[in-house]
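> all I have is the shape, not the residue letters:
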């Protein structure tokens with residue numbers, strides 16, 4: 001097998017070199033395709049205490065949507081420089097842990113494909129069935145030649161297993177953990193999704209998700225995200241985050257909180273100004289002009305900073321009294337489900 005670097009992987013390995021002993025780095029698994037192999041890196045920064053809250057970033061699950069990886073790499077590069085001088089940021093890391101898997105699907109990023117090397121859509125690969133899913137895009141097992149192929153029902157793909165390994169190792173044992181998975185899609189809004197994607201049933205931690213949204217809205221009333229359950233847009237089979245969330249609930253019950261978020265960056269925001277990008281390979285899901293790419297790379301820094309602060313000071317949204325929990329649950333159902 002030959003380790004073949006590509007631009008995003010080379011950038012990641014350069015950042016790892018710059019971090020040196022200030023981070024813990026592991027190769028969770030190798031994604032192999034034909035005669036090539038690509039490492040799936042996990043970078044950990046901050047406290048290693050068991051009771052530290054955890055914030056994790058994932059990108060490149062869909063290789064064609066590589067802008068997610070690039071946003072995380074740009075943020076990591078910022079962190080490298082903050083660690084040189086920002087004592088406030090360093091003090092935050094003494095109280096919490098940051099985890100990064102910037103390129104979950106390196107074969108897909110290398111090839112410029114949504115799927116992995118086996119033709120599998122990793123976000124439809126988990127052993128969980130959607131409720132009322134009839135569309136092709138919901139996930140199918142017809143053929144890997146078609147998009148949204150779910151893969152072999154008897155096993156999960158190497159990349160999906162690697163993501164699950166990271167979540168189990170770094171997040172499942174924490175009292176509070178948040179994961180954010182970066183994608184891009186053909187829409188006019190940036191959306192922040194939380195479970196469920198496989199059902200229109202409200203998730204058990206709906207009050208906490210609403211509490212987080214309420215706090216974000218209050219602090220940044222002019223933000224541009226639409227925050228909602230993923231099933232508000234569509235219902236799919238095999239969603240990895242639904243699978244992991246349900247597994248967490250089964251293992252931990254109400255003793256801890258795990259909130260997985262998906263950031264779906266609306267590519268129409270850059271496509272409508274350059275419609276000819278529709279005819280280029282990455283045009284649907286990636287800003288091709290340099291100034292728009294730079295805009296996207298800095299667009300979500302406020303969100304990232306808020307996520308970090310929200311796990312450090314979770315009392316307003318994660319640890320709710322029974323009264324506030326009931327109130328938030330009713331408000332959330334009225335906002336997202338009653339219609």
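Sure thing, it's come through. Values in this document were obtained by computation on a predicted structure and should not be read as measured data.

> got the residue ranges for the helices in the stretch 201-339 of the chain?
All helices of the stretch 201-339 of the chain, identified by DSSP state H, counting those that start in this stretch, fall at 206-219, 240-252, 268-271, 290-299, 301-312, 322-336.

> kindly apply the preceding question to the stretch 51-200 of the chain instead.
Using DSSP H, counting those that start in this stretch, helices in the stretch 51-200 of the chain cover 67-85, 87-93, 106-111, 158-170.

> how about the second one: buried residues?
I take that to be helix 87-93. Neighbour counts using 16 or more other C-beta atoms under 10 Å place 92, 93 of helix 87-93 among the buried residues. (C-beta placed from N, C-alpha, C; glycine too.)

> so where's the stretch 101-250 of the chain shaky on pLDDT?
186 (pLDDT under 70).

> could you export the helices of the stretch 201-339 of the chain as TSV, including distance to residue 5 and mean neighbour count?
Formatted as TSV, those follow (distance: least, C-beta to C-beta, whole Å; neighbours: other C-beta atoms under 10 Å):
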stretch	distance to residue 5	mean neighbour count
helix 206-219	37	20
helix 240-252	26	19
helix 268-271	27	19
helix 290-299	21	14
helix 301-312	26	17
helix 322-336	43	15
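
> right, and those helices - which one's nearest residue 130?
helix 240-252 (8.7 Å; C-beta to C-beta).

> just checking, what packs against that closest one?
helix 158-170, strand 257-266 (3 or more C-beta pairs under 8 Å, 6 or more residues apart in numbering; DSSP states H and E).

> against which helices or strands is the longest one packed?
It stands for helix 158-170. strand 24-33, strand 36-46, strand 54-59, strand 97-101, helix 240-252.

> one step back: and residue 30, which of the helices of the stretch 201-339 of the chain is closest to it?
Here helix 240-252 is closest among the helices of the stretch 201-339 of the chain (C-beta to C-beta), at 19.3 Å.

> on that earlier part again, closest to residue 229 out of the helices of the stretch 201-339 of the chain?
Using C-beta to C-beta, the nearest of those to residue 229 is helix 322-336, at 5.8 Å.

> against which helices or strands is that closest one packed?
Using 3+ C-beta pairs under 8 Å, 6+ apart, helix 322-336 sits against helix 206-219.

> on that earlier part again, in TSV: the helices and strands packed on helix 240-252, plus mean neighbour count and distance to residue 33.
Converted to TSV, the helices and strands packed on helix 240-252 look like this (neighbours: other C-beta atoms under 10 Å; distance: least, C-beta to C-beta, whole Å):
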stretch	mean neighbour count	distance to residue 33
helix 158-170	21	10
strand 257-266	22	25
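
> ok, which of the ones you listed comes nearest residue 198?
strand 257-266 (12.8 Å).

> partners of the closest one, with directions?
Sheet pairing for strand 257-266, assigned by DSSP bridges, gives strand 176-185 (parallel), strand 190-194 (antiparallel).

> how about those strands in JSON lines, adding distance to residue 295?
Formatted as JSON lines, these follow (distance: least, C-beta to C-beta, whole Å):
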{"stretch": "strand 176-185", "distance to residue 295": "13"}
{"stretch": "strand 190-194", "distance to residue 295": "12"}
